[in-house]
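>>> Here is my input; please provide its structure:
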Amino acid sequence: MSVKNVQFTVAAHIMAALGFFHGNELSSATLAESVNADPSFVRKSLSKLSKAGLVVTKRGKSGASVLARPPRQITLLDIYRASTAQPAFAIHSYPVEKKCPISRNLKECMSGVLSQAQESFEKSLSKTTVADLVRQIREKAQ
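Take a look at the predicted model:
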């Protein structure tokens, strides 16, 4: 059974929207409409992004958000870390079957492999900025 975690992609969507309309304040309702997600989920994401120093948010009836830095200074890794998304891969939590050599050793063997994969994933994210994402979106929108 697979559970999908969308925290990172929702946060990236929010940041792309704020980058696309850089300099304009966007309400959480507008962002929720763009994401097509529950406004409370979007507000939780905005809170995390704000705590990480990536967005500035005004609360209240006329509340809105803007990027805290220029889009070229915010990477997807910044967003990933701010979103507090789970690592891309995890080791199962089933108990070890002591009679089985695979069960006794697999978790330890996979730990290094998955750590390397996570590091590669994060290194890749660090190479793409919100400005890059917005540029791609603009190209596809034409």
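>>> Identify, by residue count, the longest helix of this protein.
helix 101-125 (DSSP state H).
>>> so how many other residues sit close to residue 43?
17 (other Cβ atoms under 10 Å). Every C-beta, even on glycine, is put in place using the N, C-alpha and C of the backbone.
>>> Leaving out sequence neighbours, find the closest residue to it.
Leaving aside its sequence neighbours, residue 43 sits nearest to residue 28 (Cβ to Cβ, 6 or more residues apart in numbering; 5.0 Å).
>>> before we move on, back to that, which of the residues in the longest helix of the chain are classified as buried?
Going by neighbour count (16 or more other Cβ atoms under 10 Å), the buried part of helix 101-125 is 114, 122, 125.
>>> And the helices in the protein, which stretches?
So, for the chain - with DSSP H - the helices run 7-20, 28-35, 39-51, 76-83, 101-125, 130-141.
>>> Now do the first one: everything it contacts.
Contact partners of helix 7-20, identified using Cβ atoms under 8 Å, 6 or more residues apart in numbering, comprise 26, 30-31, 34-35, 37, 41-42, 45-46, 48-49, 54-55, 65-67, 71, 74, 76, 79-80, 82-85, 130-131, 133-134, 137-138.
>>> Noted, bye for now.
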